[in-house]
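A.B. asks: give me coordinates for this.
(2 chains)
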Amino acid sequence: MKVYLGELEELVLLTISVLGDNAYGVSIQQELESRCNRTISIGALHSTITRLEEKGFLKSWVGGATAERGGRSKRFYDITQAGKKALTEAKDLRDQLWDLSKIKLASR
Amino acid sequence: MKIEPPKLAQKLFDWYAGFAKVDDLRGDMDEWFYHNAKTKSISIARRIYWKQVLSLIFSYALRKRKRNSQSGIYSSNAISLSMIRNYIKVAMRNLYQYRYFTLLNAFGLAIGMSISLLLISMYGYISTSDNFHTNGDHIYTIISKKTEGFEEGNFASSPIVLAEKLKEEFNDAREVVRVNASFEGEVVREKENIHIHGYFVDQSFLSVFTFPILSGNMESALSKPNTVVLTESAAIKFFGSIDVVGKVIELKEQGSYEITGVLKDYSKNTHFKFEALVSYATLPPTQSLSIDQWTEYRDQFIYVLLKDSAPIKGLQSYLSQIEKNIYSNSSVKVNFSLLALDEIITSDLYNALGPKWETSGFIVFGAIALLILLPACFNYTNISIARALKRSKEIGLRKTMGGVKSQIFFQFITETVVICLISLVGACGLFLLMRDEFQSMLVEASVLDLSITLKTATLFVAFALLTGLMAGLFPAMYFAGLNPIEALKNKVSSRALSGMRIRKGLTIFQFALSFCFILSLIVFGRQYRTLLNFDFGFQKENIVNVNLQEVKPELLKTELEKLSVVQSVSLSSGSPGLSNSTTWVNTTDKDSVQVSQLFIDSDFLENFKLKLILGKNFPEAVSADERYCIVNEQFLINNKIALEDGVGRTLLVDSMEIQIIGVVKNFHYAPPQIPIGNFIFRNNPVYYTQANVLVDVSDVFGTFTMLENSWQKLSDNTKLEAAFFKDELNDSYQVYRLLLKMAGFLGLLAISISILGLLGMVVYTAENRVKEVSIRKVLGASAFGITMLLSRDYLKLIIWSIAIGIPLAIGIYETVFTRIPDYHANLTVLDVVLGAFGLISLGLITIASQTYKTALSNPADTLKTE
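C.D. replies: Model (predicted):
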């Protein structure tokens, strides 16, 4: 694996892909919290997003201001091709390991 | 309560974020806030908002956004190697483009740094003193501070009984070494005697200190009385070889010593200085009263080698215990303390063993070096900021293209450092030129080695870098802080002008300093000249003083009188005009008075052209008992004896009755600064030490050869010791010659630096005002008028600096110069005028050379492009 993908990074990437067109700060945080049942600070989330952007896995653009935001614009995120590739590689690696491991998924 | 996010938190966030793009983050937080306020409560929502703000402030996300806001996407704060290479390349190009200024700056800084290099190399050498002893870390010397009793002060020496007590009672000491520095004598040899000096030391000296032995037994070399260990070079000096163990060295009037070892020549960088080490057992055992032993410590030194684990505190408390026991009932009070081996050479103590370099001297030297270095740095700062106008476009463009403050800062610092490294080369050249001269000024020069080593070279480079930082910090910060819009529009002039006042102040300060140097040079110079031409009241030309040594005075006199070149010969106990001895005289009816005296024979007065105003000279016949004396006028006046009554009076001198047979006209028997007081000439052959030979000087070499030949007839194992009296006299003013040289040299440096600074500023103005000058010329101004116009501002500066310099110089004169003993020359109005005139004319030449050139420029050339 060329680029290391952290656990939170992987989660954030997947969440963004789940959210599709509506992936911005608040929605990502809410989605993560509701799915994983864990609180994550806004600083940690944005740091992760920043690092993912640096690695080239995410792209972002500014758009859609709403009244409940005090008229401030949102920054939307989407996964890049590189991001998809990194996710796939991570998944492949896990699948391989699952196949080789003694724990049989079916038996659960 | 209005439902809105906490204001303070928002403000904090905005302040911290600065120019970073954080709109989306603020929006997210607001969204969360309103959401929480609806679902939970307002206070919880506020608390969460605060938490989010803090979490973001400490997050990497915001840091990264802030960084991005500072610079374009292509710039980065990280200083990489390629960036530094780029800085250096740009610096080189800039320096090359403004060659003239670079040269001026480099030259000025080189001069400024040269003195500091001397200081650094000296410090570098001395800081490693005594570091070659393998046990060095555990060796301490005991110094005594006498707080009550005769001769108070800090002494490097200590009572020698203390060493014996330490040996008996103090267990933590591995070794205690006694050193007595009084070994001195003349080695008797066939041809001539040679002076030798050294120490009486314990056997353990050789094992405690690291002085490697070449031959002989290190363990027992100094255990027996009358044994001596020579250094390699001493052995060669006395015997011509180093194979001397077992031989005997004979000292005049001190007996003979057996040579038991030869030491390798040791490094000069130590506080020891000896040619020979003699066993301590040679000294007779001390027999004085026990309390006297504790108050006697001249020339006696104690070194203690502590056991590796022993704390130095233990020794200290032991010493204070001894102080209490010994000195409790004594009129003398002494405090003992310890000094580590490597600190000895820089300590400020009386009666030190060998060479010493007091820290106080270093401070004075350092102050002088700074006084020379700082103006040079000021100049650099000055010129750099003055050129801000020219370079502001460059900086504005760099900033617009995304250059960050720190990049511009480093660019300018690099430029300064490069200049400083260039000037370091020049400074090293100057350093090499000055080094020998400098060493010849120092008393301890023979033990100072100022050659450039790896260590000093490193220190030099570090110093150059530091100077670069110092000189370049202000301009670099100034340029880095320029507003790009103003810089591009050429609007920085207003800010540059605010710096103008500082620059003027600095220039004035420099010239005031130079003015002080010029004045002190004038004063020292006159002092020296006055002394050289001082009228002592006797003649000092053409007299050669011959040291009698062991030759019979009368024999030498008759022998010398045979020579054709010799006009007359007299004998005396010393030379007039130099120091001489004193005694007490009783005029029989009063208390005794102190008088200075000189023993002479009957030819002396004639030889030195001293005038007898009454009575007669000493009789020519030599008599064993002293019967007559000649006094000076002052003696009679001071003792209220009428001139006529003087001759024939009887005086009681050294419990002898002596009759005054003559009165001599007053003359300076002592150096000029000592006023003429009581003086008598006595006539006793026992005290003669020299022959004063009045010679024909048409052939000095021939004369000395003849004297030499006559001397050889009388003494075959000594050499002729003769010198012109006038030279001896002038040599006693050597301190003034040194001061003169030093003031002259420092003055030269200070003046060159200020002239260079002035030149830089004038060149800059002249360049900047070229167009103004051309227009004035077109409109009919004369070249002279323009020169005056351009020069006026700078002339004003010089006048100001003189106005400030005069009270400064007078202050220095009053506080420093008048404290130098035997000070004669005064600071006169003429000196001040002369100094001012010199400074103004120097400044004028500098200014005019540039302004006149500008004034002569052809308006057609400069206005062509408009």
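A.B. asks: render the CA-only coordinates of the lengthiest helix in chain A in PDB, please.
C.D. replies: Counting by DSSP state H, the longest helix found in chain A is helix A:81-100. C-alpha atoms of helix A:81-100 as PDB (Å, rounded to 0.1, in the frame of the first residue of the first chain):
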ATOM      1  CA  GLN A  81     -10.400   9.100  -8.200                       C
ATOM      2  CA  ALA A  82      -7.300   8.700  -6.100                       C
ATOM      3  CA  GLY A  83      -9.500   8.600  -3.000                       C
ATOM      4  CA  LYS A  84     -11.600   5.900  -4.600                       C
ATOM      5  CA  LYS A  85      -8.500   3.900  -5.500                       C
ATOM      6  CA  ALA A  86      -7.200   4.200  -1.900                       C
ATOM      7  CA  LEU A  87     -10.500   3.000  -0.500                       C
ATOM      8  CA  THR A  88     -10.600   0.100  -2.900                       C
ATOM      9  CA  GLU A  89      -7.000  -0.800  -2.000                       C
ATOM     10  CA  ALA A  90      -7.800  -0.700   1.700                       C
ATOM     11  CA  LYS A  91     -10.900  -2.900   1.100                       C
ATOM     12  CA  ASP A  92      -9.000  -5.400  -1.000                       C
ATOM     13  CA  LEU A  93      -6.300  -5.700   1.600                       C
ATOM     14  CA  ARG A  94      -8.900  -6.400   4.300                       C
ATOM     15  CA  ASP A  95     -10.800  -8.900   2.100                       C
ATOM     16  CA  GLN A  96      -7.600 -10.800   1.500                       C
ATOM     17  CA  LEU A  97      -6.900 -10.800   5.200                       C
ATOM     18  CA  TRP A  98     -10.400 -11.900   5.900                       C
ATOM     19  CA  ASP A  99     -10.100 -14.800   3.400                       C
ATOM     20  CA  LEU A 100      -6.900 -16.000   5.000                       C
END
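A.B. asks: tell me the helices and strands packed up against it.
C.D. replies: Applying 3 or more CB pairs under 8 Å, 6 or more residues apart in numbering or on different chains; DSSP states H and E, one finds that helix A:81-100 makes contact with helix A:7-19, helix A:42-55. C-beta here means a position set from N, CA and C on the backbone, and glycine is covered the same way.
A.B. asks: near chain B, which residues of chain A?
C.D. replies: Within chain A, the positions lying close to chain B (CB under 8 Å from any CB of the partner chain) are A:24-26, A:29, A:41-44, A:46-47, A:49-51, A:54, A:62, A:65-66, A:68-70, A:72-75.
A.B. asks: among those residues, name the buried ones.
C.D. replies: A:24-26, A:29, A:41-44, A:46-47, A:49-51, A:69-70, A:72-75 (16 or more other CB atoms under 10 Å in any protein chain shown).
A.B. asks: in the host helix or strand of residue B:395, what counts as buried?
C.D. replies: Assigned by DSSP states H and E, residue B:395 belongs to helix B:388-400. Neighbour-count burial for helix B:388-400 flags B:388, B:391, B:392, B:395, B:396, B:398, B:399 (criterion: 16+ other CB under 10 Å).
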